[in-house]
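Peer 1: Here you go, sequence then predicted model.
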Amino acid sequence: MRAFPAEPRFYTGAPGAKMDIIFIDELRVTTLIGIYPREQAAPQTLEISLQIGTSTEHAGHSDDIRDTIDYAEVIERLRADLERHRFRLLETLAEHVASVALDDFGAAWARVSVAKLGVMRGVRRAGVVIERSRKPAEGP
């Protein structure tokens, strides 16, 4: 398994930097999630969509994956986390996904959608969408 970067390896906060979006749509994962005993007994399929705000300008010029957020690494990390961690609420899972994008991959901004599929009769998807930004750096 690939090791994930301890520090963001690209710059996202340059004055005048463009905000681009790297996206992952409809990532399907199976995990135990929920507050009810029936949910905690059987894995459920979730659909996760993630928009990651960052500048991709340097990568666009260098053509080097190290100059951007590698969506394959993000997906691998999320799958690994869902194998190890259990969440009761979709909101908690969405916060976790956002913090991975912001804190571990150096994104400036993230929009996360997490949905349960077919959770109730007549409902295709039920879930939550959150948006989070990096906290401003604290002064001395």
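Peer 2: Arrived safely.
Peer 1: Show me the shaky parts of this protein.
Peer 2: Counting by pLDDT under 70, the chain contains low-confidence residues at 1-18, 136-140.
Peer 1: so where do the strands sit in it?
Peer 2: Per DSSP state E, the chain has strands spanning 20-31, 44-54, 109-120, 123-133. These are given in chain order.
Peer 1: possible to save these as TSV with distance to residue 38 and mean neighbour count?
Peer 2: From N, CA and C alone the C-beta is placed, and that goes for glycine too. Below are the strands of the chain laid out as TSV (distance: least, Cβ to Cβ, whole Å; neighbours: other Cβ atoms under 10 Å):
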stretch	distance to residue 38	mean neighbour count
strand 20-31	15	14
strand 44-54	10	20
strand 109-120	11	18
strand 123-133	15	13
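Peer 1: Of the ones you listed, which is nearest residue 86?
Peer 2: Of all the strands of the chain, strand 20-31 sits nearest to residue 86, with 7.5 Å by Cβ to Cβ.
Peer 1: out of the strands of the chain, which comes closest to residue 101?
Peer 2: strand 109-120 (4.1 Å).
Peer 1: So which elements touch the closest one?
Peer 2: Under the contact criterion of 3 or more Cβ pairs under 8 Å, 6 or more residues apart in numbering; DSSP states H and E, the helices and strands touching strand 109-120 comprise strand 44-54, helix 90-99, strand 123-133.
Peer 1: For the last one, list the C-alpha coordinates in CSV.
Peer 2: When you say that, I think you mean strand 123-133. Below are the C-alpha coordinates for strand 123-133, written out as CSV (Å, rounded to 0.1, in the frame of the first residue of the first chain):
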residue,chain,number,x,y,z
VAL,A,123,-36.1,7.0,-1.9
ARG,A,124,-33.2,6.5,-4.2
ARG,A,125,-30.6,8.4,-2.1
ALA,A,126,-30.5,10.2,1.3
GLY,A,127,-27.5,12.0,2.5
VAL,A,128,-25.7,15.2,3.4
VAL,A,129,-23.5,17.8,1.5
ILE,A,130,-21.0,19.9,3.4
GLU,A,131,-18.4,22.5,2.4
ARG,A,132,-15.3,23.2,4.4
SER,A,133,-12.3,25.5,3.9
